[in-house]
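Q: give me a 3D structure for the following:
(chains A, B, C and D)
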Number of protein chains: 2
Amino acid sequence: MARTQGSHSDITGPRIRKAALGLFARHGYAAVSMRQIAKDVGVQAGALYNYTPDKQSLLFRLMHDHMQDLLAAYAELDSLADAETALRRFVGFHIRFHMERPDEVFIAYMELRNLTPENFSEIEGLRRAYEDSLEAILRDGQKAGLFAVADTKIATLAVIAMLNGVMTWYRAGGRLSLDEVEQVYWDMVRRAVTA
Amino acid sequence: MARTQGSHSDITGPRIRKAALGLFARHGYAAVSMRQIAKDVGVQAGALYNYTPDKQSLLFRLMHDHMQDLLAAYAELDSLADAETALRRFVGFHIRFHMERPDEVFIAYMELRNLTPENFSEIEGLRRAYEDSLEAILRDGQKAGLFAVADTKIATLAVIAMLNGVMTWYRAGGRLSLDEVEQVYWDMVRRAVTA
DNA sequence: ATCGTATATGAACAACCGTTCATATAGAAC
DNA sequence: GTTCTATATGAACGGTTGTTCATATACGAT
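A: Model prediction:
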């Protein structure tokens, strides 16, 4: 038998990526085989190669798409605001955006070491661009006398690390609503950097 | 009777663990083969099984030893102090202890998903014990009116996440000394939780 | 109704996986 | 010097890996 179903190129491609996303997030890139992904999609392993040159490219595509989405979504935020407002918006945006994409987020920082050096550099660049946008806010507020941090670069990484911690414990329907989580984290971030 | 001198068992065992530690940290548990570990030690793969029942046990041992070391070292800190002093000590201890063991730390939270359910539970329990000791400090300070956090459990996880962020960027010999890093983080933590 | 092409199959490839085991060796104990 | 045994070898096990490819099919266009 061949092609047991109809023409599906615009359907199978996304389905492969979705299956790979879930499996990579749950078991890790190295622990997932192309045959497992294929089985998840309901297809033979060979068919995957109509949609990706190889396994590495599949991982890279997932991470790259995610980072592009992140930067594009953040770019849509209104940036004309004082530093404190901008920081509050950043905290809210970061928490909500990442909360909606737990698998992508998990992969994006867990599977960095499984990228080829070239692919790693590209993802790293995108991530740095995102970090820079937060550091710009902190430098802005620092200059205006609103913030008082010893080092904006360290503060940037500390804030992001703290916010990323949400993903390790928050579960929808838990003790706190997303609004409450956002409020709690905003309180801590504000106090950590405010003069 | 067993050989008490000239035996390699007390040499090869640690060497295997050390090799596995470095390789797991760099490439990930699933991506490292027993043959790679053996090669690193300078031995054939079969010889590893004189020192570990299987690959899983090797990973578990590394994580378990690390968590035990962490709890034992923390237990040695003098705990008779007000909450603010205790928190400052915790921050300093956490940063320094983890900085000295980058590979162990990396493995301890990156390879959790590669543990069997039983092994995962055990490691999880040890980690919770460590987190609880920080939460006890925060609750203490909260009761004394020194701290003001909305939720001690969330604050606990947020502080640990923030401190763990150090490991992702700090390199010895860099722009900041370890003392300075500790000071900067302590400032941020203190302000984030202080009333 | 026929054709051409996009899409999937399923077998095959060499390489590698974790683990086992019969065998060899080297050093301590007697 | 002989014996004993902890330790290491190296081949072998069945199974899985990522990837390729000739082949078969189902659909869109003619």
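Q: which strands and helices sit next to the longest helix seen in chain A?
A: Longest helix in chain A by number of residues (criterion: DSSP state H): helix A:117-143. Taking 3 or more Cβ pairs under 8 Å, 6 or more residues apart in numbering or on different chains; DSSP states H and E as the contact definition, the neighbouring helices and strands of helix A:117-143 are helix A:55-75, helix A:83-99, helix A:152-164. To be clear about C-beta, it is placed using only N, CA and C from the backbone, and glycine gets the same treatment.
Q: tell me the domain boundaries of chain A?
A: Residue ranges for each domain of chain A read A:7-52, A:56-193, as given by automatic domain parsing.
Q: can you pull the contacts of residue A:183?
A: Neighbour list for residue A:183: residue B:150 [criterion: Cβ atoms under 8 Å, 6 or more residues apart in numbering or on different chains].
Q: buried residues, the strand or helix carrying it. List them.
A: Taking DSSP states H and E as the definition, residue A:183 sits inside helix A:178-193. When burial is assessed from 16 or more other Cβ atoms under 10 Å in any protein chain shown, helix A:178-193 yields the following buried residues: A:178, A:181-182, A:184-193.
Q: list just the nearest of these to residue B:54.
A: The shortest separation between residue B:54 and any of the buried residues of helix A:178-193 is 40.5 Å, and it belongs to residue A:181 (by Cβ to Cβ).
Q: surely the closest one and residue A:95 touch.
A: Yes - the pair residue A:181 and residue A:95 qualifies as a contact (Cβ atoms under 8 Å) at a distance of 6.6 Å.
Q: number of residues surrounding the spatially closest residue to residue A:120 that is not a sequence neighbour?
A: If the residues on either side of it in the chain are set aside, residue A:120 comes closest to residue A:112, at 6.3 Å by Cβ to Cβ, 6 or more residues apart in numbering or on different chains. Number of residues near residue A:112 (other Cβ atoms under 10 Å in any protein chain shown) recorded here: 14.
Q: what does stretch A:36-47 contact?
A: Applying Cβ under 8 Å, 6+ apart, the set of residues contacting stretch A:36-47 from outside is A:12, A:15, A:16, A:19, A:20, A:22, A:23, A:34, A:35, A:48, A:58.
Q: just the buried ones from those?
A: Neighbour-count burial (16+ other Cβ under 10 Å) applied to these gives A:12, A:15, A:16, A:19, A:20, A:23, A:34, A:48, A:58.
Q: what residue ranges in chain A score low on pLDDT?
A: Regions of chain A meeting the criterion pLDDT under 70 cover residues A:1-9.
Q: nearest residue to the residue minimising distance to the centre of chain A in space, please, no chain neighbours.
A: Among the residues of chain A, the one closest to the centroid is residue A:105, at 3.6 Å (Cα atoms, centre = their mean). With Cβ to Cβ, 6+ apart as the measure, residue A:98 is the residue that lies nearest to residue A:105, at 4.9 Å, once sequence neighbours are left out.
Q: report how many residues lie close to that neighbour.
A: As a measure of burial, residue A:98 has 19 neighbours, counting by other Cβ under 10 Å.
Q: so it touches residue A:167, yeah?
A: Yes - taking Cβ under 8 Å as the definition, residue A:98 is a contact partner of residue A:167 at 6.0 Å.
Q: overlap in contacts of the two?
A: Residues within reach of residue A:98 and of residue A:167 at once, by Cβ under 8 Å, 6+ apart, are residue A:105.
Q: for residue A:147, phi and psi?
A: Recorded main-chain torsions at residue A:147 are phi -110, psi 160, according to degrees, to the nearest 10.
Q: list the contacts for it?
A: Residue A:147 sits next to A:83, A:138, A:141, A:193, A:194, A:195 when contact means Cβ under 8 Å, 6+ apart.
Q: and those residues, which two are the farthest apart?
A: Looking across the contacts of residue A:147, with Cβ to Cβ as the criterion, the two at the greatest separation are A:138 and A:195, at 11.9 Å.
Q: more crowded one of these two?
A: Neighbour comparison, residue A:138 and residue A:195: the larger count goes to residue A:138, with 23 against 11 (by other Cβ under 10 Å).
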